[in-house]
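[1] With the sequence up front, the predicted model follows.
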Amino acid sequence: MAMYQPPIPRPKRRNAVLRLYDGPLYRDWAFWLTVANVALPIVSLPASEVPSSSPLWVDIPLGIVLFGGTFGVLPAWLRLLFRRWRWRRAQRSQQEVRPDAPGRPTHGTAPLVQPAPRSTAPHRLQDALELPADRAHHGPQVPEFPWHVAPTVPQVMPVAQVTVPPGAAHSSGSSDAFSAARRSLPHPIARAVRIVQQAHTPRDEYEAVIDAGETLAIVISVTAAALLKDHARTGSGSDTALLAEPALARLKQAYVGSGAMFGTWTNWLASLNALVTAHPALIPGFREALESRPDEPSVVDHLNVLRNERNRAAHGDKPHTRQEATLRLATLRPHLEGALHRARFLEDVPWLLTVSSSYQPRTDNFAVVTRRVMGDHPDFEKQTFTWSRPVADEMFYVLGPSGPLSLSPFVASRFCGHCRQLEVCYAYKTGKRQGPATFKSFDSGHDIPADELGDDLRGLPGRD
């Protein structure tokens, strides 16, 4: 069920009310400061016990003018002066940095700009930035200044159209990698890709692309962890177990430490490269995904670009305009598509959610009813298998070459108290000595405790 989306707040308009206050008024501190100082004499003077030589009908208006003007209107006016000064300084600095820029006149000369030839490139700046046609062909845009400063920007001739790289335009349309991912990759990935394609604005798509990259890294990692855990469990003391246990120990350190985050997954996948190169059968399909070629980066290389962008945004460098988000998407989308292309091996190790398992005495095996947790549709396809060993109900499995392998304790179905529904979750962290595990929902990112899985995470190979 879709979550309720609150309405987008109205944009702030500086000095739009009486040239002093920002609109909407309820978001402006200067407006509320003025209201408070106007109300102060209205409330305090009638209750004052100090005798006054003038009547209240004189004292109150004088108090309103004195307090409201001095401590309310005056700070708003000083803010207006500061904003005007800051804007003029920014304009002077831009002229000093680009004194001979095309279309900018110098002192004593008129602007001389040659008419630009019509561009035949398929991706124009007008298309990429979604500007109205009547604004995109009439020279550079002069920003609007709601505080009514008259900017001295000269009129210029139309300048040449600027082309941007393919993919820079905000387009959440189809691509082969996206369409294939939505059809045949595990549900958390397919759903994240669907959100990318359904984004309404470049900034929404920017966030969705990064989230989809993190989801892809998590799904690849937990699938590999389930396969390695099976090798460590069934081949205790064997060569395959000795190879799998150090990799699981590195993952355990993240779980009992600060938690498994985007960087945890990409670094852990990179650490598996030598292992799967020497023993490709250990984790089928991973060697090709982790292999870097001269003409094609590995899945980790693609994911690291998205991870670095996540870190950049987390440190305050998010795109502040739809134009900036559009240009960043021109770089990020190809990396997400490349990572999805390299992750196609996940089609051969599908995720399953068990519904029931019943023993068949005549054939000495188990009839297992499952839901195929693949693709972006929330109603998972029902499948029935006959397996030689039992499986637990309501648990996630990956169908590997040797049969079903449990994804627990890396993935679980848990009830989210915030969303009031069952969620597909992944392990995030647990206590080093004791305590429940903390899982995160692939869908909402909410933290969900899982008491019984804390011991399972601490029970992974490796020292405590």
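    Arrived safely.
[2] what about Thr386, neighbour count?
    Thr386 has 10 neighbouring residues, counting by other Cβ atoms under 10 Å. The C-beta positions use only the backbone N, C-alpha and C, and glycine is treated the same way.
[3] right, and Glu381 touches Thr370 too?
    No: in this structure, Glu381 is not within contact of Thr370 by Cβ atoms under 8 Å, at 9.3 Å.
[4] out of the two, which sits in the busier spot?
    Comparing Glu381 with Thr370 by other Cβ under 10 Å, the one with more neighbours is Thr370, at 24 against 11.
[5] now the strands for this protein?
    Applying DSSP state E to the chain gives strands spanning 13-17, 21-23, 351-360, 365-372, 381-387, 396-400, 403-406, 411-416, 421-430, 437-441, 447-450.
[6] possible to save the ones you listed as CSV with mean pLDDT and distance to Pro280?
    Rendered in CSV, the data for those read as follows (pLDDT from 0 to 100; distance: least, Cβ to Cβ, whole Å):
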stretch, mean pLDDT, distance to Pro280
strand 13-17, 78, 60
strand 21-23, 83, 62
strand 351-360, 93, 22
strand 365-372, 94, 26
strand 381-387, 92, 26
strand 396-400, 92, 14
strand 403-406, 92, 18
strand 411-416, 91, 24
strand 421-430, 92, 26
strand 437-441, 94, 31
strand 447-450, 92, 33
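[7] wait, which of those strands is closest to Ile42?
    The stretch from the strands of the chain with the least distance to Ile42 (Cβ to Cβ) is strand 21-23; that distance is 19.9 Å.
[8] so where's the stretch 201-350 of the chain uncertain?
    235-239 (pLDDT under 70).
[9] Show me the domain layout of this protein.
    13-92, 176-348, 351-458 (automatic domain parsing).
[10] Find the one among these with the highest mean neighbour count.
    Among the domains of the chain, domain 176-348 has the highest mean neighbour count (mean count of other Cβ atoms under 10 Å), at a mean of 19.
[11] Disregarding residues adjacent in the polypeptide, which is nearest to Ala247?
    Closest residue to Ala247 apart from its sequence neighbours, by Cβ to Cβ, 6 or more residues apart in numbering: Leu228 at 5.5 Å.
[12] In contact with the one you found, which residues are there?
    The contact partners of Leu228, taken as Cβ atoms under 8 Å, 6 or more residues apart in numbering, are Ala244, Ala247, Leu248, Leu282, Ile283.
[13] Now, those residues that are in helices?
    Ala244, Ala247, Leu248 (DSSP state H).
[14] My read is that the first one contacts Ala225, right?
    No: applying Cβ under 8 Å, one finds Ala244 not in contact with Ala225, separated by 9.4 Å.
[15] can you tell me which residues contact Leu353?
    Neighbours of Leu353 in contact, by Cβ under 8 Å, 6+ apart: Thr370, Arg371, Val373, Phe380, Glu394, Met395, Phe396, Tyr397, Ser413.
[16] and it, bridged to which residues?
    Counting by DSSP bridges, Leu353 is bridged to Arg371, Phe396.
[17] Hmm, Ala427 is touching Phe439, no?
    Yes: taking contacts as Cβ under 8 Å, Ala427 lies within contact range of Phe439: 5.8 Å.
[18] Can you give me the end-to-end span of stretch 12-25?
    In terms of Cα to Cα, to the nearest Å, the two terminal residues of stretch 12-25 are separated by 9 Å.
[19] on that earlier part again, common neighbours of Ala427 and Phe439, please.
    Taking Cβ under 8 Å, 6+ apart as the contact rule, the neighbours common to Ala427 and Phe439 are Ala412, Ala450, Leu453.
[20] which strand residues sit across from the closest residue to the second one other than its chain neighbours in the sheet?
    What sits nearest to Ala450 in space, not counting adjacent residues and going by Cβ to Cβ, 6+ apart, is Ala437, at 4.6 Å. Each beta-bridge partner of Ala437 is listed here, defined by DSSP bridges: Thr430, Ala450.
[21] need the contact list for Ala437.
    Under the criterion of Cβ under 8 Å, 6+ apart, the contact partners of Ala437 comprise 255, 409, 427-430, 449-451, 453-454, 456-457.
[22] For it, give its distance to Arg182.
    Computed with Cβ to Cβ, to the nearest Å, the distance linking Ala437 and Arg182 is 30 Å.
[23] Contacts for stretch 178-189, please.
    So stretch 178-189 is contacted by 190, 193-194, 196-197, 212, 215-216, 218-219, 223, 337, 340, 343-344, 346-347, 350-351, 373-376, 380, 424, 442 (Cβ under 8 Å, 6+ apart).
[24] can you do 6 Å?
    Contacts of stretch 178-189 with the rest of the structure, by Cβ atoms under 6 Å, 6 or more residues apart in numbering, involve 190, 193-194, 197, 215-216, 219, 340, 346-347, 351, 373-376, 442.
[25] circling back: now render the contacts of Leu353 as CSV, adding distance to Gly72.
    Compiled in CSV, the contacts of Leu353 are given as follows (distance: Cβ to Cβ, whole Å):
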residue, distance to Gly72
Thr370, 67
Arg371, 63
Val373, 60
Phe380, 61
Glu394, 62
Met395, 63
Phe396, 60
Tyr397, 66
Ser413, 56
